[in-house]
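1. Sequence first, predicted model second:
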Amino acid sequence: MTETSSTPPPPLEPLSEDWERMLCVVAHPDDLEFGAAAAVARWTGQGKQVAYCMVTSGEAGIDGLEPEKSRGVREQEQITSAQLVGVDEVEFLRLPDGVLEYGVDLRRSIAAVVRMYRPEIVVTGNFRDSFGEGGGLNQADHIATGRAVLDAVRDAGNRWVFRDQVEAGGLEPWGGVREVWAAASPLARHGVDITDTFDAGVASLEAHRAYIDGLGWEDFDPAEFLEGMSRATGQRMGVAHATAFEVFSLGWGG
């Protein structure tokens, strides 16, 4: 029989949790909250250290609010949102929202943050061209950021790449990133049970109220939206709620 789109997706393998430090690098405030924040709440609840890095401040994301004002609103919403899942360190690189370009400059900026926080795991968002069948096309900033993250974590370990950060900036090379995890990738083969922290993930998304209202989503229900994804993903792990990640190994041959 020919396989059809109704064929159930394969089970997800649980993510390793034998690490202590994580850095999450995404393009915009709210990117983590649309799915991954509940997983972050799980990990901070285990006592792990998690820091956030927003490449932009999402200043172009609210049509009715001038970018300079929007920047302040969205940065504050992100700080509040992060605190709701146990994250107290939030970096804003303040690169221009909506027009990020993959390249050396973006790699340099992200490599500096990797060297600063020295994580074992780096989380980013989906950077595939789409979110899978029926999921819509991805956004350019997401794609540029995710691609740059993969390169920047390797750049960070090479003292001869962006050597000014080492020689003049006081940042030591860091080659300790073991894996990069891309949340919500359509090619995800790993997942994490967020059943116990689902509500914290909902609260973190609700904290982006100005952004959600600015989009005109009058009937948008954060809990309903997140539940639609997390229950389907949870079925692939045999739990009530889960979040999926595509894993990129940084080990030899990775």
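-> Looks like it came in fine. Residues are numbered from 1 along each chain as shown.

2. beta partners of Cys24?
-> Tyr52, Val123 (DSSP bridges).

3. check contacts around it.
-> 32, 36, 40, 50-53, 122-124 (C-beta atoms under 8 Å, 6 or more residues apart in numbering). Every C-beta, even on glycine, is put in place using the N, C-alpha and C of the backbone.

4. got these as TSV, with pLDDT, neighbour count and distance to Ala60 columns?
-> Below are these laid out as TSV (pLDDT from 0 to 100; neighbours: other C-beta atoms under 10 Å; distance: C-beta to C-beta, whole Å):
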residue	pLDDT	neighbour count	distance to Ala60
Leu32	98	29	18
Ala36	98	28	22
Val40	98	30	25
Val50	99	23	27
Ala51	99	19	24
Tyr52	99	27	20
Cys53	99	24	18
Val122	99	28	25
Val123	98	24	23
Thr124	98	33	20
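
5. from the residues you listed, which single one is nearest Met229?
-> Using C-beta to C-beta, Ala36 comes nearest to Met229 of those, at 10.6 Å.

6. what's the closest non-adjacent residue to that closest one?
-> Nearest non-adjacent residue to Ala36, counting by C-beta to C-beta, 6 or more residues apart in numbering: Ala183, 4.0 Å away.

7. That neighbour: neighbouring residues, count only.
-> 25 (other C-beta atoms under 10 Å).

8. Who are the contact partners of Ile143?
-> Contacts of Ile143 by C-beta under 8 Å, 6+ apart are 102, 127-129.

9. Going by distance to Asp155, which of those residues wins?
-> Among those, Tyr102 lies closest to Asp155 (C-beta to C-beta), at 13.2 Å.

10. I'd assumed Ala144 was in contact with that closest one.
-> Yes: using C-beta atoms under 8 Å, Tyr102 is in contact with Ala144, at 4.3 Å.
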